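Asker: Provided below are the primary sequence and the corresponding predicted coordinates.
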Amino acid sequence: MKLFLDTNLTPFFPAALQSALGMLPWKEGEFSGKRDAVLLTPELNVHRTPSHWAILRKLGVSVIFVSLPPEGVWFLDEAAIRQKRWEDILRKCNRQETRPFAFRCDLNGTRLKAL
């Protein structure tokens with residue numbers, strides 16, 4: 001499975017974590033309709049997420065909306081812990097029968113929730 005990272009999330013994922021998880025930078029329209037690709041994008045406005053997901057679903061894009069903490073990122077877990085949690089999330093995504101799919105979670109990789 002290919003994992004594409006929205007450029008707005010790049011500062012929150014260290015380069016080592018990006019390379020360990022095999023994340024690629026996302027370019028608009030790059031992977032529309034590829035069943036093995038997942039986009040990580042920030043959830044900037046909770047009220048717009050359903051409409052954003054509706055558009056991505058029509059394009060055949062699987063997505064994980066990453067909730068950014070309102071009080072900043074000073075409380076992020078260690079990189080090794082975050083990497084293990086994100087690997088678990090990606091394993092769950094690989095087991096998804098229906099594609100495209102959508103999940104919501106936070107930067108630390110906890111509280112994964114299907115949309």
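Answerer: Arrived safely, thanks for sending.
Asker: the helix or strand encompassing Gln83 packs against which elements?
Answerer: Assigning secondary structure by DSSP states H and E places Gln83 in helix 79-94. Applying 3 or more C-beta pairs under 8 Å, 6 or more residues apart in numbering; DSSP states H and E, we find helix 79-94 packed against helix 15-21, strand 62-67, strand 102-106. C-beta here means a position set from N, CA and C on the backbone, and glycine is covered the same way.
Asker: who does the shortest one pair up with?
Answerer: Pairing partners of strand 102-106, with direction, according to DSSP bridges: strand 62-67 (parallel), strand 113-114 (antiparallel).
Asker: tell me the angle that strand makes with helix 79-94.
Answerer: Strand 102-106 runs at 170 degrees relative to helix 79-94, counting by axes from the mean of the first three to the mean of the last three C-alpha atoms, to 10 degrees.
Asker: neighbouring contacts of strand 102-106?
Answerer: Outside strand 102-106, the residues that touch it by C-beta atoms under 8 Å, 6 or more residues apart in numbering are 43, 49, 53, 56-57, 62-67, 69, 89, 93, 111-115.
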